[in-house]
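J.: Need a 3D model of the sequence below.
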Amino acid sequence: MVMLSLVYSSHGQNVEEIGQQKPVKFTGMLAANLTFFDATGRPSNREKFTWYLTGSPTLEIYGITLPFSFTVSEQQRDFRQPFNQFGVSPYYKWAKAHIGYRNVVFSPFTLGGHTMAGGGVELTPGKFRFGFMYGRLFKAVQAVGNPEGSFIAAPTFRRTGAAVKIGYGTEQNFVDFIVLRAKDDPNSIDYTTQETDLTPAANLVAGVYTRQKFLKNFQLEFELAQSLYTHNTDLTDPDTLEGGVLTKPLSFLMDDKNSSTKHSTALEGSLGYGKEHYNIRVRYKEIGPDYQSMGAYFFQNDVRNITIEPSVSMLKSALQINGSFGYQTDNLDNRRAATTERKIGSLMLNGRIGTRYTGNLSYSNYDIGQAPGTVELDTLIQVSQTTQSWGMLHNLMFQGEALNHNLMINYNYQSLNDRNPGTSVYTDYNTSTWLGSYFLTLVRLRLNVVGSYTFTTFQLPSKQTKIGGPTVGLTKTLANNALSINLTYSSMAYRIDNQQHQTINRLSVNTSYRVARKHRLNLRFYINQSAREAENVESFRETKGNIGYAYTF
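T.: Down below sits the predicted model:
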């Protein structure tokens, strides 16, 4: 079976420059790949032979760019839904149009980048700011099930929406008022006969979004949004909601309110002060438990965050210090059985000495605990944990006309400390990883040599796992850089509770040859092999090869 998928999209184009553009340009890339795979000693996780064709041609008509992409493959698919998308956003001076599939952002909590198939405009004459979008947010998808009762394709109503933005100001100093109205079409699919909880919904969102720079070094950003969300428009029971300060004057737009309608508020603000070598910013975010917007894909709701983010640059930017310290909690309306609290802190130092040495140190601490909510907490399962991590990276470089040397050392450590003795036996852990690498470049020979060693320890209360081994690689370019050959070998040994468990050896070869200016061939081949070193471990061998051809035009 052949799967063909076409995607068309385009970015905004300046119509004012049309007269300076070539009438038609056609560029892009076409590629073909053949892959071979074989496994012995364990089940194969892929087909023995696969092929696929890909392409990304781009058509440019009077400066308006229309990039396309496609994939053709022989692989079987239980469910296929090829789609076609086309979109363009031409603009002229202060006027921009949106046509087709577009991702438009009016503000994070209202129309926040949801893909919409439709049309709209954004106008910015002088300091006036106006935007309008209307189109389809989701297309109707009828449920497709199987004999086991699960869904191959989850059902979705056809969802349409419209958004309006009216504001005043510039990109640095503005105030926008935004309204979004969206709803599902209950007649777009047959959902009454399906075993699903899906119900048609409707939504009204109103928000105020502003960004202000004042007193030269201060910057304020703030958004307040309120949402009326009806979870089931089929219900006829009346609601008793009056809405909020933003949605109440617009409630006449929400003619499908009922007993399933929820009102919720989201707000986020930050105030920063910054100069050349230091700045500090305070952020506050609060998203209500039921906050949703059909103009955005996902929100972590029922959460309140307060963070302070200082940064300092010293010694002519040779030393930079960045930090973040904050507090997070949930259960904002006290309806949950417990309240979860988190304390968050992180610190990072970046430094350099001359042109040869760079390094950084980082530390973070995340503390989480629970307090009683509507019921007393069970001490056997009460959450009280601290996660800590720290790391360092050191990089030393020596460059010359004949030789380049680069030595790198990296270390990372992370631990979780569970203070509840009833659960710590299942959750406590710590892990550390050392990585040392050396890179050598022989400039005249066009030869790169790399050697590294990795060692990782993962400690659980009941088991310790250690993984370590070397990796060596050579890369050589020939024929005036037209041919590149890479050879890499690695060996990773696994030890569990200080007993040898398994060693996996991998050898890979990668070559790339530019046949002509627009033609390139690629060959990749690797072998994974392990020997039996423990009674419950079987040896295996994997072989994979790939031949590819690419044409650029």
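J.: the strands in the stretch 101-250 of the chain, which residues?
T.: With DSSP state E, counting those that start in this stretch as the criterion, the stretch 101-250 of the chain has strands at 112-123, 128-138, 144-145, 151-153, 158-169, 174-185, 202-214, 218-230.
J.: Kindly report the domain assignment for this protein.
T.: 1-85, 94-296 (automatic domain parsing).
J.: Where among those domains is average confidence lowest?
T.: Of all those, mean pLDDT reaches its minimum on domain 1-85 (a mean of 68).
J.: Now mean neighbour count and distance to residue 397 too, for the strands of the stretch 101-250 of the chain, in TSV please.
T.: The way it works is simple: take the backbone N, C-alpha and C, and place the C-beta from them, glycine included. Below are these laid out as TSV (neighbours: other C-beta atoms under 10 Å; distance: least, C-beta to C-beta, whole Å):
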stretch	mean neighbour count	distance to residue 397
strand 112-123	18	40
strand 128-138	19	48
strand 144-145	14	56
strand 151-153	13	53
strand 158-169	19	47
strand 174-185	21	45
strand 202-214	21	39
strand 218-230	21	37
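J.: And the ones you listed: which comes nearest residue 471?
T.: Judged by C-beta to C-beta, the one of the strands of the stretch 101-250 of the chain that comes nearest to residue 471 is strand 112-123, at 39.9 Å.
J.: tell me the angle that closest one makes with strand 128-138.
T.: Angle of strand 112-123 versus strand 128-138, following axes from the mean of the first three to the mean of the last three C-alpha atoms, to 10 degrees, is 140 degrees.
J.: So in that sheet, which strands flank strand 112-123, and in what orientation?
T.: Strand 112-123 has the following sheet partners, assigned by DSSP bridges: strand 95-105 (antiparallel), strand 128-138 (antiparallel).
J.: would you list the ones you listed in a markdown table and tack on distance to residue 61?
T.: As requested, the strands paired with strand 112-123 are arranged in a markdown table below (distance: least, C-beta to C-beta, whole Å):
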| stretch | distance to residue 61 |
| --- | --- |
| strand 95-105 | 14 |
| strand 128-138 | 23 |
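J.: show me where the stretch 301-450 of the chain has helices.
T.: All helices of the stretch 301-450 of the chain, identified by DSSP state H, counting those that start in this stretch, fall at 424-427.
J.: where in it is pLDDT low?
T.: Scanning the stretch 301-450 of the chain for pLDDT under 70 picks out 372-382.
J.: In a markdown table, list the strands of the stretch 101-250 of the chain along with distance to residue 447.
T.: As requested, these are arranged in a markdown table below (distance: least, C-beta to C-beta, whole Å):
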| stretch | distance to residue 447 |
| --- | --- |
| strand 112-123 | 46 |
| strand 128-138 | 54 |
| strand 144-145 | 55 |
| strand 151-153 | 52 |
| strand 158-169 | 57 |
| strand 174-185 | 55 |
| strand 202-214 | 52 |
| strand 218-230 | 50 |
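J.: Please identify which of those strands is closest to residue 242.
T.: strand 218-230 (10.2 Å).
J.: thinking again about what came up before, residue 550 is nearest to which of the strands paired with strand 112-123?
T.: In terms of C-beta to C-beta, the element of the strands paired with strand 112-123 nearest to residue 550 is strand 95-105, at 27.4 Å.
J.: dump the residue contacts of residue 35.
T.: 49, 50, 51, 544, 545, 546 (C-beta atoms under 8 Å, 6 or more residues apart in numbering).
J.: what does residue 55 give?
T.: By C-beta under 8 Å, 6+ apart, the residues touching residue 55 are 28, 29, 30, 31, 68, 69, 70.
J.: And residue 271, by the same measure?
T.: Applying C-beta under 8 Å, 6+ apart, we find residue 271 in contact with 218, 219, 220, 281, 282.
J.: Residue 505 against residue 490, yeah?
T.: Yes - with contact defined as C-beta atoms under 8 Å, residue 505 and residue 490 form a contacting pair (7.3 Å).
J.: List the buried residues in stretch 506-523.
T.: If you call a residue buried by 16 or more other C-beta atoms under 10 Å, then stretch 506-523 has these buried ones: 506, 508, 510, 512, 514, 520, 522.
J.: Many thanks, have a good one.
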